[in-house]
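S.K.: got a predicted structure here, sequence first:
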Amino acid sequence: MPLTEPDKELIQRCLNHKSGAWNDFVDRYIGLIYHVIHHTCYLRSVTLSPEDTEDLAADILLEVCKGDYALLRQFEGRSSLAAYLTVVARRIAIHALQKKAGAPPVQSADNLDDVEPPKARRKPAEARAENMEEVEKLLAKLKGKEREVVRLYFIEGRSYEEISNALNLPVNSIGPFLARAKKRLRGEREPGSNGSARTAQKPKPETEAAGPEA
């Protein structure tokens, strides 16, 4: 679903620091943020006190307005604002819950840096969120475990280890699944990626171009 006109106007009001714009933004999306927090806690069997939930919601809102609304400025409007904020909020909530639990980085028998470089494992939420519309279109074309891997990684923000456990797949197979999906996603964004343009410009065989030998 693309960006709606009311949300586009709301974003512009925030970016232009119009009076009451931020209050309107909070009123419109605070319920979504609380829903994401509760759902994220449910998926990880974590219980937060009302005070901790409020603090986490405030942290998410602070992240949105930080850097003169940097997250809103980076939003390209290729998905709905609700979808964008859902991914942003979920990633922040996941990181906060991991920090609260004091859990060390998960290690496995495999060298995860060979599968997914550390920077890729810690991409900002907006890096995944900005392509939500493309991801949703890609999901409609995928099937089976490949679809589930893409859904869990991009939509639910799961780590490689969590996806491995959820789908009973080797952790070192998650990277190749996502690499193929990303390649397909890039291909669908490139003009002529279906091969029709290349077919139309296919050169003539050399014997035809050169003509018959004397």
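M.R.: Thanks, I have the structure now. Numbers count the residues shown, from 1 in each chain.

S.K.: ranking helices and strands of the chain by mean pLDDT, which lands last?
M.R.: Ranked by mean pLDDT, DSSP states H and E, the weakest helix or strand in the chain is helix 112-115, scoring a mean of 32.

S.K.: return the set of buried residues in stretch 68-77.
M.R.: Of the residues in stretch 68-77, 69, 71-72, 75 count as buried by neighbour count, 16 or more other CB atoms under 10 Å. To be clear about C-beta, it is placed using only N, CA and C from the backbone, and glycine gets the same treatment.

S.K.: keep only those of these that are in helices.
M.R.: 69, 71-72 (DSSP state H).

S.K.: would you mind giving these as JSON lines with distance to residue 45 and pLDDT added?
M.R.: Below are those laid out as JSON lines (distance: CB to CB, whole Å; pLDDT from 0 to 100):
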{"residue": "69", "distance to residue 45": "34", "pLDDT": "92"}
{"residue": "71", "distance to residue 45": "29", "pLDDT": "90"}
{"residue": "72", "distance to residue 45": "33", "pLDDT": "91"}
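
S.K.: of all these, which comes closest to residue 89?
M.R.: Taking CB to CB as the measure, residue 89 lies nearest residue 71 of those, at 10.6 Å.

S.K.: measure the closest one to residue 171 for me?
M.R.: Note on residue 71: its distance to residue 171, by CB to CB, to the nearest Å, is 30 Å.

S.K.: and stretch 9-25, average pLDDT?
M.R.: Here stretch 9-25 scores 94 as its mean pLDDT.

S.K.: tell me the domain ranges of the protein?
M.R.: Per automatic domain parsing, the domain ranges recorded for the chain read 1-103, 107-191.

S.K.: poorly predicted segments of the chain, please.
M.R.: Scanning the chain for pLDDT under 70 picks out the ranges 1, 102-134, 156-157, 185-214.

S.K.: can you give me the strands in it?
M.R.: Along the chain, no stretch is classed among the strands by DSSP state E.

S.K.: can you map out the helices along this protein?
M.R.: Using DSSP H, helices in the chain cover 5-15, 21-43, 50-74, 81-101, 112-115, 118-121, 125-129, 132-141, 144-150, 160-167, 174-189, 196-200, 206-210.

S.K.: residues in contact with stretch 16-23: which ones?
M.R.: Residues outside stretch 16-23 that contact it (CB atoms under 8 Å, 6 or more residues apart in numbering) are 10, 13-14, 65.

S.K.: measure residue 162 to residue 14 for me?
M.R.: For residue 162 relative to residue 14 (CB to CB), the value is 33 Å.

S.K.: what subset of the contacts of stretch 16-23 is buried?
M.R.: If we count by 16+ other CB under 10 Å, the contacts of stretch 16-23 have these buried: 10, 13-14.

S.K.: show me which of these is closest to residue 81.
M.R.: Scanning the buried ones among the contacts of stretch 16-23 for proximity to residue 81, where the rule is CB to CB, the winner is residue 10, at 7.8 Å.

S.K.: list the contacts for that closest one?
M.R.: So residue 10 contacts 21, 24-25, 28, 81 (CB under 8 Å, 6+ apart).

S.K.: tell me the one of these nearest residue 181?
M.R.: Taking CB to CB as the measure, residue 81 is the one of those closest to residue 181, at 24.4 Å.

S.K.: give me the neighbour count for the closest residue to that closest one other than its chain neighbours.
M.R.: With CB to CB, 6 or more residues apart in numbering as the criterion, residue 81 has its nearest non-adjacent residue at 4.2 Å, and that residue is residue 7. Neighbours of residue 7 under the rule other CB atoms under 10 Å: 20.
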